[in-house]
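# okay, structure incoming, though there's no sequence with it:
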C-alpha cells in the first residue's frame, strides 16, 4: 500500500491519498510536485511506513528537492 500526502505550512491538516499500485502513487506524487504555493509545503510518498520520496514546494527553496531513504 502506497500513501501520498501533502502538508502545507506548519498546519496539522494533511491531504492523503492511498494507492495499491506503485505507478498510480508515483503519478499522483508527480502531479502534486508540479504545484507551487506561497506557503512552505511538503509532498511525501510512502510505502507502508517507509518514506520513499519527499519534495519541497516552497517557491524560494534552493536545496535538493528529492530526499530518499538513503539520505534520511
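Received it, and whenever you're ready, just let me know what you need. Predicted model, so just to flag it, every value in this text is computed and none were measured.
# just give me the residue closest to the centre of this protein.
residue 43 (1.9 Å; C-alpha atoms, centre = their mean).
# pop out the phi and psi values for that one.
phi -110, psi 130 (degrees, to the nearest 10).
# could you report the pLDDT at it?
Looking at residue 43, its pLDDT stands at 88.
# mind listing the helices for this structure?
Along the chain, the stretches classed as helices by DSSP state H are 22-33.
# how about the strands in it?
Ranges of strands in the chain, per DSSP state E, are 2-8, 14-19, 41-47, 50-56.
# Serialize these to a markdown table and add fields for distance to residue 27.
Bear in mind the C-beta positions are built from the backbone N, C-alpha and C, glycine included. Below are the strands of the chain laid out as a markdown table (distance: least, C-beta to C-beta, whole Å):
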| stretch | distance to residue 27 |
| --- | --- |
| strand 2-8 | 9 |
| strand 14-19 | 9 |
| strand 41-47 | 11 |
| strand 50-56 | 13 |
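# for residue 28, find the nearest of these.
Comparing the strands of the chain against residue 28 with C-beta to C-beta, the closest turns out to be strand 2-8 (5.0 Å).
# verify the stated contact: residue 35 with residue 56.
No - taking contacts as C-beta atoms under 8 Å, residue 35 lies outside contact range of residue 56: 11.4 Å.
# these two - which one has more neighbours?
Taking other C-beta atoms under 10 Å, residue 35 and residue 56 do not tie; residue 56 has more neighbours (16 against 12).
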